[in-house]
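Undergrad: fold the following and give me the result.
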Amino acid sequence: MPPAEPLIVFCNPGDRRSEGIQQARSRLGMPPAVLIPYTGLLQGQPLADLLEQAGYRPDMLPVREQPLGGVSGQAGQRVDGMRMLDALQGQAKVNSPAPDRLPELTQPAAQGRDSSRQSRPAAPAPVVPAPDTAPPLLRLESPGCSFETERALIALGAPDAPDADDSLHPYGGQPDLRPLSFKAAGALKDMPGVLHHPSQWFRGYCRLLARIQREAGQLLPAARWTNHPGEIAAMTDKRRTQQILAAAGVPIPRPLKGSSGEAPVDYASLRGLMLSQRMHRVFIKLASGSAASGVIAYQLNPATGAEVAVTTIGVESYITRPPVYYNSGKLRRYTDSALLAGIINWLYRHGAYAEQWIPKSGAGGQSFDIRQLVVAGVACHSVARVSRTPITNLHLRSRRMTPAEAGLTEDMQAEVRQTAEQSLAAFPRSSVAGIDVLVGSTGRTYTADVNPFGDLLYDVEYQGCSTYEWEMKQLSGRNLAL
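TA: Okay, the predicted model is just below:
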């Protein structure tokens, strides 16, 4: 039999996702996954160091007869991976501080944004697996649900942050508007629900993905990704996702664009394009938002100019400082033009995408969409999200049903699965995604979103397996993308 394949997961250990993976592997008789905390990486610790701390075969780290990359060592002495990657990063290893100082650990390089272009010391020697050990499978999990991680990512996305590698950012050449400095980002306080700086968070996330890809490629060159870091970055930006899907021929809601291809950039241009394109109902989405954060279902009356919006975005207004926007966790209805202009302008400052509002199937005044999981190219677990509102995310008290309970025929369910499989195929280096499929009132299907972390589905089974159990079984030993 082939040797067991180790699984290395980049995550927030102890959250529902990492716990679900460990439980699934235990039930299947697989060894536990090696968990690499995002906080450790964001504190400046090299990947090799974190792998050793997590117990990933420290005996497999290379032995060097000569010093490498300026790391001192005597002939025949083992040069451990943590010091080699310290040299690679060009900075001294830092000790783990208290959580409230997380983003201040690594000071900005003198060259600021160009630090990624500086020459780097020689790469560390790769880990060579022992003869009875299969190369590892690498999995990136969501960095959400941790304010320390969020704050550190915003700091990493600052204009003066170190290691400013924007190579995976779909729009890395476009600067973020009103960015926070590295120091200011490090001073952010935990305010539940507040959307501190979404575009800078996304830039920091792309930089972290680039670093993980670089270090993993140098240290674990034979490893395979379940979802490639570059494609996770693309899936996390809704603008880029829809471009990729459209190019692949996947049916998507029509983007709001002018006759020359121009997209809205603010409230005024949004309304102007809605009128000129006769698209009077749209969904506006924060480009890097998730779980309905930053989503607006917006309607404009072309005759009167009256408008109404349904969204989770809440606003706290002040006399002497800018308003604070936050995810309220529940749906709100707005009709005040001044308030809506502020919300929509704020969304576009951080990157937004507007698309046609597809009338969804449903009976009795209800509408629904389908979250369809696709693993290794094949559709599996699915759930219908049913609501009387246009935004159907389950945490907003939408009802969950099976697609059949929601009224989909076998033929329609097959079409949903086909659309979802076609959507993931547009990302050839990725093997897992939750695809949000809309079923229009005419019966046509559309892909609304591709979520690389869309497999957290409770009490949904496929062939007797939970989502994580199915993924562990299907992906182990497969020829995934490198």
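
Undergrad: quick one: low-confidence ranges for the stretch 301-450 of the chain?
TA: Judged by pLDDT under 70, the stretch 301-450 of the chain has its weakly predicted residues at 361-365, 391-398.

Undergrad: which parts of it are strands?
TA: Remark: strands assigned in the stretch 301-450 of the chain by DSSP state E, counting those that start in this stretch are 307-316, 324-334, 352-356, 367-375, 378-387, 399-401, 432-439, 445-451.

Undergrad: in TSV: those strands, plus mean neighbour count and distance to Tyr267.
TA: In this view, the C-beta of every residue, glycine as well, is placed from N, C-alpha and C. Written out in TSV, the entries for the strands of the stretch 301-450 of the chain read as follows (neighbours: other Cβ atoms under 10 Å; distance: least, Cβ to Cβ, whole Å):
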stretch	mean neighbour count	distance to Tyr267
strand 307-316	18	10
strand 324-334	16	12
strand 352-356	23	10
strand 367-375	26	26
strand 378-387	21	26
strand 399-401	16	33
strand 432-439	24	25
strand 445-451	23	23
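
Undergrad: any chance of TSV for those strands, columns distance to Leu153?
TA: Formatted as TSV, the entries for the strands of the stretch 301-450 of the chain read as follows, by distance: least, Cβ to Cβ, whole Å:
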stretch	distance to Leu153
strand 307-316	21
strand 324-334	17
strand 352-356	20
strand 367-375	25
strand 378-387	28
strand 399-401	31
strand 432-439	21
strand 445-451	18
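
Undergrad: surely Tyr205 is within a helix?
TA: Yes: counting by DSSP: H, G, I helix; E, B strand; the rest coil, Tyr205 is found in a helix.

Undergrad: now do the same contact list for it.
TA: Taking Cβ atoms under 8 Å, 6 or more residues apart in numbering as the contact definition, Tyr205 lies against Pro143, Leu153, Gly157, Ala233, Thr236, Ser288.

Undergrad: returning to what we had before: among the strands of the stretch 301-450 of the chain, which is nearest Ala223?
TA: Distances from Ala223 to each of the strands of the stretch 301-450 of the chain were compared using Cβ to Cβ; the shortest belongs to strand 432-439, at 16.2 Å.

Undergrad: and that closest one, what other elements does it pack with?
TA: Taking 3 or more Cβ pairs under 8 Å, 6 or more residues apart in numbering; DSSP states H and E as the contact definition, the neighbouring helices and strands of strand 432-439 are strand 367-375, helix 410-425, strand 445-451.

Undergrad: quick check: end-to-end length of stretch 440-460?
TA: The first residue of stretch 440-460 is 24 Å away from its last residue (Cα to Cα, to the nearest Å).

Undergrad: cool, stretch 10-20 as well?
TA: Taking Cα to Cα, stretch 10-20 runs 14 Å from one end to the other.

Undergrad: next, the buried residues of that stretch.
TA: For stretch 10-20, burial by neighbour count (16 or more other Cβ atoms under 10 Å) applies to Phe10, Cys11, Asn12, Pro13, Asp15, Arg17, Ser18, Gly20.

Undergrad: could you do stretch 402-415 as well?
TA: Neighbour-count burial for stretch 402-415, counted by 16+ other Cβ under 10 Å, picks out Pro403, Ala406, Gly407, Leu408, Met412, Gln413, Glu415.

Undergrad: now a PyMOL select for only the buried ones of the contacts of Tyr205.
TA: Paste this into PyMOL to select the buried members of the contacts of Tyr205, with burial taken from 16+ other Cβ under 10 Å:
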select buried, resi 143+153+157+233+236+288
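
Undergrad: would you mind putting the contacts of Tyr205 into JSON lines with secondary structure alongside?
TA: Output for the contacts of Tyr205, formatted as JSON lines (three-state DSSP):
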{"residue": "Pro143", "secondary structure": "coil"}
{"residue": "Leu153", "secondary structure": "helix"}
{"residue": "Gly157", "secondary structure": "coil"}
{"residue": "Ala233", "secondary structure": "helix"}
{"residue": "Thr236", "secondary structure": "helix"}
{"residue": "Ser288", "secondary structure": "coil"}
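
Undergrad: phi, psi of Ala246?
TA: Note on Ala246: its backbone torsions stand at phi -60, psi -40 [degrees, to the nearest 10].

Undergrad: residue contacts, it?
TA: The contact partners of Ala246, taken as Cβ under 8 Å, 6+ apart, are Ile252, Pro255.

Undergrad: quick one: it from Lys257, how far?
TA: In this structure, Ala246 and Lys257 are 11 Å apart, going by Cβ to Cβ, to the nearest Å.

Undergrad: now the helices for the protein?
TA: Counting by DSSP state H, the chain has helices at residues 16-27, 38-42, 47-53, 81-89, 147-156, 182-186, 198-219, 229-236, 238-247, 267-276, 337-349, 410-425, 467-475.

Undergrad: closest one to Leu137 among those?
TA: Closest approach to Leu137 among the helices of the chain is made by helix 467-475 (6.7 Å; Cβ to Cβ).

Undergrad: got the angle between the closest one and helix 16-27?
TA: On the basis of axes from the mean of the first three to the mean of the last three Cα atoms, to 10 degrees, helix 467-475 is oriented at 60 degrees to helix 16-27.
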